[in-house]
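Asks: With the sequence up front, the predicted model follows.
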Amino acid sequence: MNTSTAPAPTLATVRIGLVSTSDRASAGAYVDEGIPALRQWLGQAVRNPLHFEERLIPDEQPLIEATLIELADRAHCDLVLTTGGTGPAPRDVTPEATLAVADRLMPGFGEQMRQISLHFVPTAILSRQVGVIRGRTLILNLPGRPRAIAETLGGLKNTETGEVIAHGIFAAVPYCLDLIGAACIETIPEACQAFRPGK
Ligand SMILES: Nc1ncnc2c1ncn2[C@@H]1O[C@H](COP(=O)(O)OP(=O)(O)OP(=O)(O)O)[C@@H](O)[C@H]1O
Ligand SMILES: Nc1nc2c(c(=O)[nH]1)N[C@H]1C(S)=C(S)[C@@H](COP(=O)(O)O)O[C@H]1N2
C-alpha cells in the first residue's frame, strides 16, 4: 500500500510592484506608511512567496508613467498597487498616469473600491482611482490614506457575525490574474476569500 501523501503543489512566486506617490513622503516630510501597509496586508492575505518591487515617488505624471511601465515591462510584475494621488487636487495625477500606460480598462475595480470606501468615509467618491491591464500586469490605484489600503483590499465584515458587508477588491484579483496569464495566487481565506467561478 502506498501511504505517501502527494507533495503539496509548489506555489509560484508572485511579483508585486508597490508604488507610493506622495510629494511629502518622497521628500522626507513624513515617513511613508503606504508601502509598509501594502506589504503588511499582502503578507497576511497571500500564501505564495512574494517578491516586492517598491517605489516611493512624487506626484509627477511622467515619473509615475515611467515607473508603471518599468514595473510591468521590465520587472515583469503580475500586479502593481499604487497608493496616493487619486483625489481631485491639482497634483493628484495617479489615475491619469495609469490610464496613459493602459492597454485595457477594468472599471469594476474603481467602482467597487468607491462602494467599499463609502462604508468608511463619505468622501470616498473623491477618489478617481482606476484599474487597468498592461500586458500581463494588473495595475490598481488605491487611495493615499494608509488605512484605505486594508479597507479597499480587504473590504468590511461584521466583527461579531463575520458576515461580509462589502467584498474587498482583492477577492477578484486572483481570477483576474488567471485570465491575463499572470501568476496563480492562493489566498489565506481568513484574510481574503478569493472567488474563482466554477471552483
Ligand atoms: N504615503 C503616505 N504615508 C503616510 N501618510 C500618508 C501617505 N499618503 C498620505 N498620507 C496621509 O493621508 C493624508 C491625505 O493623503 P493625500 O494623498 O491627500 O496627501 P496629499 O495632501 O496629496 O499630500 P502628499 O502627496 O504630500 O502625501 C495626508 O495628509 C497624510 O496624513
Ligand atoms: N477607504 C478609503 N477610501 C478613501 C479615503 C479613506 O480614508 N478610506 N479617503 C478619501 C479621500 S478624503 C480622498 S480625497 C480620496 C483621494 O485620496 P488620495 O488623493 O490620497 O488618493 O480618497 C478617498 N477614499
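Replies: In hand now; what should we look at? Residues are numbered from 1 along each chain as shown. Ligands and ions are numbered 1, 2, ... in the order given.
Asks: who's in contact with V164?
Replies: G155, L156, K157 (C-beta atoms under 8 Å, 6 or more residues apart in numbering). All C-beta atoms are positioned from the backbone trio N, CA, C, and that covers glycine.
Asks: Neighbour-wise, which one of these leads?
Replies: Neighbour counts for those peak at G155, which has 22 neighbours (criterion: other C-beta atoms under 10 Å).
Asks: what's the closest non-adjacent residue to that one?
Replies: G168 (3.2 Å; C-beta to C-beta, 6 or more residues apart in numbering).
Asks: For the protein, which residues are neighbours of ligand 1?
Replies: Residues of the chain lying close to ligand 1 (C-beta under 6 Å from any ligand atom) are 20, 22-25, 30, 32-34, 59, 84, 87, 89, 144-146.
Asks: Going along the chain, name the helices of this structure.
Replies: Ranges of helices in the chain, per DSSP state H, are 23-27, 34-45, 61-69, 94-100, 107-118, 146-154, 173-180.
Asks: Mean pLDDT added to those, as TSV?
Replies: Below are those laid out as TSV (pLDDT from 0 to 100):
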stretch	mean pLDDT
helix 23-27	98
helix 34-45	98
helix 61-69	99
helix 94-100	98
helix 107-118	97
helix 146-154	97
helix 173-180	98
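Asks: TSV please, covering these and showing mean neighbour count and distance to L11.
Replies: TSV is the format used below for those (neighbours: other C-beta atoms under 10 Å; distance: least, C-beta to C-beta, whole Å):
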stretch	mean neighbour count	distance to L11
helix 23-27	15	32
helix 34-45	19	14
helix 61-69	18	26
helix 94-100	21	28
helix 107-118	18	24
helix 146-154	21	19
helix 173-180	18	12
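Asks: count of residues packed around the residue in the chain that ligand 2 sits nearest to?
Replies: Nearest to ligand 2 in the chain, going by C-beta to the nearest ligand atom, is G144, at a distance of 2.5 Å. By the criterion of other C-beta under 10 Å, G144 has 23 neighbours.
Asks: in the chain, which residue is closest to the centre?
Replies: For the chain, the residue sitting closest to the mean C-alpha position, by C-alpha atoms, centre = their mean, is L81 at 3.8 Å.
Asks: right, is stretch 71-84 up against ligand 2?
Replies: Yes. Applying C-beta under 6 Å from any ligand atom, one finds stretch 71-84 touching ligand 2 at G84.
Asks: returning to that earlier point: check the contact between the residue nearest to G155 and Q193; I expect there is one.
Replies: No. Counting by C-beta atoms under 8 Å, G168 does not reach Q193; the two are 9.3 Å apart.
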